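Student: Below is the sequence, then the predicted model.
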Amino acid sequence: MRQLINRLGLGLAGMAAFWALGMVSANEFAKSGLLMATALPGIAGLFMVIPYFRNRPVWLSGATILILLLFFLDAAIKGFLRDYFGLRPNPVLVLQAIFNTNPAESGEFFQHNWRQVAQAVIAFVVVSVLALVAERRLARAEAGRSGTALPRRGALAVGMLLTLFLALHFNPTMAKENPLLFWPIRYLDYRAQMAYAQDMQSNIARRMAPPAEWRVRYAGPERNTVVWVIGESINRNNMSLYGYARNTTPTLDAMRKELLVFRDVVSSEPATMSSLMKMFTPASLDDPNGWNSKPDVVMLAKEAGFKTFWISNQVPNDGWLGLVSNRADEKRFINKGAGRGENNYDGNLLPGLAASLDDPAPKKLIIVHLLGAHPTYDMRYPREFSLFDGAADAVSSQLEGAQRSLWIRRMRNEYDNAIAYNDFVLGSMIRRLMQSAPADNASLLFSSDHAQEVGHTRDHAGQSVADASGYEIPMLLWTRSFTGKSPDEKAMLEYRPYQTRPSGAHRAGPAGDSLRLLSARA
């Protein structure tokens, strides 16, 4: 029995190392430790009990090594995902990011995050090698006792531990901590979601409230153009428009007097799909399924008599977002399959926007979906916008003083370059709208799906669930109808708090504001 206890000690020591490195939480360590405490003596102990296995130490070593490697690999993968996403990899937003990808985007992901991947691999290899070396020493010390069987009391203990190990799996939370079951269960959940998505159109049609219940009443001008630009991974704290030390938004800064710049806006989620669902549909933090029974922004706009356009630099989506975009009267996707792993600049959307603005329809809703500053940052802008490469300024000094790594400092420079290019693209869109049909009512709303952590609070570049840097987004509005309003009225709007989809009635989201722009002057 001492052989089994020694091996359990190796396993728990290895898991403790992953916990000490911050790769698993204390809760995960406790659950995985409990499973390991029953699996190692229970499963490996079978080879000490069943008479068929004559060479017991060899079988015991093999079973031990396999179990240890499974738990250690699981801990290393979770540690990497925890570092990248800021949480354990079971929420929907992480599953969507893991499974809803393609080879090109995966290649870009590893190009951007190879250091974190390398750290996880090194941790797995080091812990595994140390545990295996210790296990081999135990095996050599036990080599002369190959025929020794466990006494009856030991066999009874093995049976009880194996029974407890199996019984733990009746608890869904514990079952999902089993390294052999964690990812299969998640994948089955994802496949179920995909199967549901395939039937989504008919399900929505069956559940959707009839248009008569939507109560859409348009009371705005006969000629009205609304442009809604959706940014990607834009943190407002990296925009000089919001006081950032680097001059990353010179175009918008020059337009400041003509813009409403909302100061306190947060996204409802820190990832694209879950955030957009709450921006485009009635889904909210309180009613996450509202999207499949209530009309989305495109449906409402069409009901109000608007011709709708969808212009995107994101890859076409097969899920609910694809259903929303396909409802638009005209669609233009310039990203032909490589997803966010393609060097396809947002400036290439400008001709599509110009064509939509020139459309003779009296009322138009034009939705423009950018790639913005999505990782990998240096793929989001042409070389002439490499404005901050190697910069030695207040920002670089601040990052150095906060002991950010050279890699994070380089990522911040590239991210700020992407913000500067986003400024050029957005400014060009606003100018183009200003020049179109001067007698018509026109408005442009810009907001981002979520923000991005790039050395703001820690040595990390990417999405962030745990930090405000994952949620603090810009939102700004240009509209002809606001001309002449007082500074007090402007300030009252700009300092009002907003969320891209609220959980309470005291906040209004950008989607709601876009709809109000369809029918009323600001």
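Tutor: Received the coordinates, thanks.

Student: For Phe110, which non-adjacent residue is spatially closest?
Tutor: Val117 (6.2 Å; Cβ to Cβ, 6 or more residues apart in numbering). For glycine as for every other residue, the C-beta is placed from the backbone atoms N, C-alpha and C.

Student: for the helix or strand hosting the one you found, packing partners?
Tutor: Val117 belongs to helix 103-141 when assigned by DSSP states H and E. Applying 3 or more Cβ pairs under 8 Å, 6 or more residues apart in numbering; DSSP states H and E, we find helix 103-141 packed against helix 2-20, helix 56-85, strand 461-462.

Student: Of these, which is nearest Ser128?
Tutor: Proximity to Ser128 (Cβ to Cβ) singles out helix 56-85 among the helices and strands packed on helix 103-141, at 5.2 Å.

Student: just to revisit the earlier point, which one of the helices and strands packed on helix 103-141 lies closest to Tyr244?
Tutor: Closest approach to Tyr244 among these (Cβ to Cβ): strand 461-462, 16.8 Å.

Student: Give me the helices and strands touching the closest one, please.
Tutor: Contacts defined by 3+ Cβ pairs under 8 Å, 6+ apart place strand 461-462 against helix 103-141, helix 406-435, strand 453-454.

Student: can you put these in CSV and add distance to Val298 and mean pLDDT?
Tutor: CSV is the format used below for these (distance: least, Cβ to Cβ, whole Å; pLDDT from 0 to 100):
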stretch, distance to Val298, mean pLDDT
helix 103-141, 26, 84
helix 406-435, 19, 97
strand 453-454, 31, 96
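
Student: was I right about Trp228 contacting Leu445?
Tutor: Yes: under the criterion of Cβ atoms under 8 Å, Trp228 makes contact with Leu445 at 5.1 Å.

Student: between these two, which one's more packed in?
Tutor: Trp228 (24 against 21; other Cβ atoms under 10 Å).

Student: ranges for the strands of this structure?
Tutor: 224-231, 260-262, 265-266, 307-312, 330-333, 363-369, 441-448, 453-454, 461-462, 475-479, 498-499 (DSSP state E).

Student: among those strands, which is nearest Tyr242?
Tutor: Between those, strand 260-262 lies closest to Tyr242; by Cβ to Cβ that is 7.5 Å.

Student: Give the other helices and strands that that closest one contacts.
Tutor: strand 475-479, helix 487-494.

Student: outside of that strand, which residues touch it?
Tutor: Strand 260-262 is contacted by residues 241-242, 474-479, 482, 490, 493-494, 496, 498, 522 when judged by Cβ atoms under 8 Å, 6 or more residues apart in numbering.

Student: I'd like to know how many residues surround Asp83.
Tutor: With neighbours defined by other Cβ under 10 Å, the count for Asp83 comes to 20.

Student: How about the contacts made by it?
Tutor: By Cβ under 8 Å, 6+ apart, the residues touching Asp83 are 23, 116, 119-120, 460.

Student: circling back: just the helices and strands packed on helix 103-141: most buried one?
Tutor: When the helices and strands packed on helix 103-141 are scored by mean count of other Cβ atoms under 10 Å, the highest mean neighbour count falls to strand 461-462 (a mean of 24).

Student: Neighbouring strands - and their directions - for that strand?
Tutor: Paired neighbours of strand 461-462 in the sheet (DSSP bridges): strand 453-454 (antiparallel).

Student: ok so, going back, for Leu300, which of the helices and strands packed on helix 103-141 is the nearest?
Tutor: Leu300 lies closest, by Cβ to Cβ, to one member of the helices and strands packed on helix 103-141: helix 56-85, at 32.8 Å.

Student: Would you mind getting the angle between the closest one and helix 103-141?
Tutor: Here the directions of helix 56-85 and helix 103-141 differ by 150 degrees (axes from the mean of the first three to the mean of the last three Cα atoms, to 10 degrees).

Student: So which of the helices and strands packed on strand 260-262 has the densest surroundings on average?
Tutor: Among these, the stretch with the highest mean neighbour count (mean count of other Cβ under 10 Å) is strand 475-479, at a mean of 23.

Student: need the contact list for the nearest residue to Tyr84 once chain neighbours are set aside.
Tutor: In this structure, Tyr84 finds its nearest non-sequential neighbour in Gly462, 5.4 Å apart by Cβ to Cβ, 6+ apart. By Cβ under 8 Å, 6+ apart, the contact set of Gly462 is 84-85, 112-113, 375, 452-453.

Student: Equivalent analysis for Ile366, please.
Tutor: 225-228, 308-309, 311, 353, 356-357.

Student: what's the closest of those residues to Phe170?
Tutor: Closest to Phe170 out of these is Trp228 (48.6 Å), distances taken as Cβ to Cβ.

Student: closest to Leu70 out of the helices and strands packed on strand 260-262?
Tutor: Judged by Cβ to Cβ, the one of the helices and strands packed on strand 260-262 that comes nearest to Leu70 is strand 475-479, at 46.1 Å.

Student: CA-only coordinates of that closest one in PDB, if you can.
Tutor: Below are the C-alpha coordinates for strand 475-479, written out as PDB (Å, rounded to 0.1, in the frame of the first residue of the first chain):
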ATOM      1  CA  MET A 475     -18.100  55.100 -28.000                       C
ATOM      2  CA  LEU A 476     -18.600  58.300 -30.000                       C
ATOM      3  CA  LEU A 477     -21.300  59.800 -32.200                       C
ATOM      4  CA  TRP A 478     -21.300  62.300 -35.000                       C
ATOM      5  CA  THR A 479     -24.700  63.600 -36.100                       C
END
